[in-house]
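Asks: Need coordinates for the following:
(chains A, B, C and D)
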Number of protein chains: 2
Amino acid sequence: MDLHQLADCLKALGDPTRLKIIALLNLRDFCVCELIPIFNISQPAVSKHLNRLKTSGLVTENRRGQWVFYSLNRKKLEEIGYGLNHLPDFSTEIEELDKQGLLVKCD
Amino acid sequence: MDLHQLADCLKALGDPTRLKIIALLNLRDFCVCELIPIFNISQPAVSKHLNRLKTSGLVTENRRGQWVFYSLNRKKLEEIGYGLNHLPDFSTEIEELDKQGLLVKCD
DNA sequence: TATTGAAATAACCATATCGTTATATTACTA
DNA sequence: TAGTAATATAACGATATGGTTATTTCAATA
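Replies: Residues are numbered from 1 along each chain as shown, chains lettered A, B, ... in the order given. Take a look at the predicted model:
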């Protein structure tokens, strides 16, 4: 997962409603209609939050008859934790800028 | 760190520029003027990103003469990783809603 | 097959975000 | 102390975000 993908996932998690959805999905799968009464927002709003989490790969959906249940992608969540603890190393980029004389010296 | 604070930190990290700043500060401290040529944005834009990271507690500033150097708050970053791996447990809230008959049954 | 219910999508609105340029503040220095 | 350099703040604009209501899609069922 590169920096931009990591930022995208963190942004998806950086909303209280979505983060609580993730915490709920950590307990068990939920369908959309179960989530609606938990949050004081409309069904489309819940759907959009779930879609945002889905496009970042944080949740998966699967239809059971009339209902669509969402599951937490624990692997993705672990990847994010790992990504935060192993941030990309920009040393060579800094050196490169230095060689090109584009780096300011402050001391 | 509660859910809202965690979401706030994740939101702060959920921007490619700010996440790269965090990755850079993981190497060493940087002052504002060093960061400007690394990103193709203006000085005030860099200042604002740093301020956003500071208000979430992810970085600290300290002035050295004319320059203001920013440091990564590694403890905070660890807290966030920990928070992601130990999400709050909403079991009792779900049970409470169930007792009040506010929980939908989907099966 | 017509109806019902769940979820997704569309269209819209208010506010937040992230960039800009201009200006103010702060600290060093001639 | 006047001038310069670094940083912060102010004011503004374009786009993104997160909510709404209305409508569409899809699956189950009378």
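
Asks: Residue A:97: what secondary structure?
Replies: With DSSP: H, G, I helix; E, B strand; the rest coil as the basis, residue A:97 sits in helix.

Asks: quick one: the closest residue to it other than its chain neighbours from residue B:85, how far?
Replies: Using C-beta to C-beta, 6 or more residues apart in numbering or on different chains and skipping the chain neighbours, the partner closest in space to residue A:97 is residue A:103 (4.7 Å). C-betas here are computed from N, CA, C, even on glycine. Here residue A:103 is placed at a distance of 37 Å from residue B:85 (C-beta to C-beta, to the nearest Å).

Asks: before we move on, what about residue A:107?
Replies: Per C-beta to C-beta, residue A:107 is found 39 Å from residue B:85.

Asks: cool, residue A:19 as well?
Replies: When residue A:19 is compared with residue B:85 (using C-beta to C-beta), they lie 13 Å apart.

Asks: neighbour-wise, which of the two wins?
Replies: Neighbours around residue A:19 and residue B:85, counted as other C-beta atoms under 10 Å in any protein chain shown, are more numerous at residue A:19. The numbers are 24 against 11.

Asks: Give the buried residues for the lowest-mean-pLDDT helix or strand in chain A.
Replies: Scoring the helices and strands of chain A by mean pLDDT, DSSP states H and E places helix A:91-99 at the bottom, with a mean of 92. For helix A:91-99, a neighbour-count test (16 or more other C-beta atoms under 10 Å in any protein chain shown) marks A:94, A:97 as buried.

Asks: show me where chain A has strands.
Replies: Ranges of strands in chain A, per DSSP state E, are A:30-31, A:59-64, A:67-72.

Asks: returning to what we had before: count the residues that sit near the residue nearest to residue A:97.
Replies: With other C-beta under 10 Å as criterion, residue A:103 counts 15.

Asks: now do residue A:33
Replies: Counted with other C-beta under 10 Å, residue A:33 comes out at 15.

Asks: And for residue A:24?
Replies: By other C-beta under 10 Å, the residues close to residue A:24 number 24.

Asks: Could you work out the end-to-end span of stretch A:44-64 for me?
Replies: 19 Å (C-alpha to C-alpha, to the nearest Å).

Asks: Report the contact partners of residue A:17.
Replies: A:39, A:41, A:49 (C-beta atoms under 8 Å, 6 or more residues apart in numbering or on different chains).

Asks: hmm, try it at 10 Å
Replies: A:35, A:38, A:39, A:40, A:41, A:45, A:46, A:49, A:52, B:7 (C-beta atoms under 10 Å, 6 or more residues apart in numbering or on different chains).

Asks: Next one: it from residue A:41, what distance?
Replies: Taking C-beta to C-beta, one finds residue A:17 at 7 Å from residue A:41.
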